[in-house]
Structures are given as C-alpha cells and as structure tokens.
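[1] return atomic coordinates for the entry below.
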Amino acid sequence: MEIGLYLVMAILIIYNVKLSLQLTKVRQANVRTVDSLGPEETKILADYAIEKRKWQVLGNAMFFLALVCAFIGTTIETSYFVTLYVVTMIAVNRSRIRVNKLLLLDN
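    Have a look, this model is predicted:
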C-alpha cells in the first residue's frame, strides 16, 4: 500500500510540474486588462477566483496537516497529506491556467 501511495504521489508531482511549466508559458503571452472584459467574462473571472481561493485554503490545511504529521505522525500519514496537498495545488494551477487563457488577446 505504501508503494502505491508513493507512486501516485510521484505521478501527481510530475503532473503538477507539467502544469506549472504550462502556466509559465501561458503567463508569458500577451493578455488583456481586466478593464477590457465584458460583464460575462468578469463574472467568469470572479467564479474562477472563488474556486481558486477555496482550493488554496484547502491546500493550506493539507500542508499544515502534513507538517504536523511530519513531526508527530508516521511517514505514510505525512505522504498521504502531501499527496492531498499536491492535488489541491493541481486544482489551483488549472484554475490559474483557465484565467490566463481567458485573458489572452486572441479571444
């Protein structure tokens, strides 16, 4: 069971790194300002911001639990919460990518 968790964690970390690289490429593109957006796009951006904030709060909680487990728990408990933290960071990165793609000048 432990090996499976470590394997899943490694795969998720690799996927998160891939998303981070994709986010870097998307951020380097020319984007519109928020003032030039229409009301529907502004609402979509607000929804993305709310979703991203929820995932960030959950990610902070998972990171804190991983730290607690690192000091008083077992290795498997720590890796479980680190895996959950990586999942939340994947959700945050995907939300950031959607925001940047919405703001691209090509739209």
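[2] which strand or helix spans the residue nearest the centre of the chain?
    In the chain, the centroid-proximal residue (Cα atoms, centre = their mean) is Val92; its distance is 2.4 Å. With secondary structure defined by DSSP states H and E, Val92 is part of helix 75-102.
[3] show me what that helix is packed against.
    helix 2-27, helix 39-72 (3 or more Cβ pairs under 8 Å, 6 or more residues apart in numbering; DSSP states H and E). Glycine gets a C-beta too; all of them are placed from N, C-alpha and C.
[4] for the shortest one, the averaged confidence score.
    Pointing back at helix 2-27 there. Averaging pLDDT along helix 2-27 yields 91.
[5] ok, Leu58 touching Met89?
    No: Leu58 is beyond contact range of Met89, at 10.2 Å (criterion: Cβ atoms under 8 Å).
[6] which one's more surrounded, these two?
    When Leu58 is set against Met89 and neighbours are counted by other Cβ atoms under 10 Å, the residue ahead is Met89, at 20 against 16.
[7] please list all residues in contact with that one.
    Neighbouring residues of Met89 by Cβ atoms under 8 Å, 6 or more residues apart in numbering: 16, 59.
[8] if I look at Tyr48, how far off is Ala29?
    When distance is defined by Cβ to Cβ, to the nearest Å, Tyr48 is 17 Å away from Ala29.
[9] scratch that, Ile90
    Per Cβ to Cβ, Ile90 is found 21 Å from Ala29.
[10] which residues does the nearest residue to Ala49 once chain neighbours are set aside contact?
    In this structure, Ala49 finds its nearest non-sequential neighbour in Val99, 7.8 Å apart by Cβ to Cβ, 6 or more residues apart in numbering. If you count contacts by Cβ under 8 Å, 6+ apart, Val99 has them with 45, 48-49, 52.
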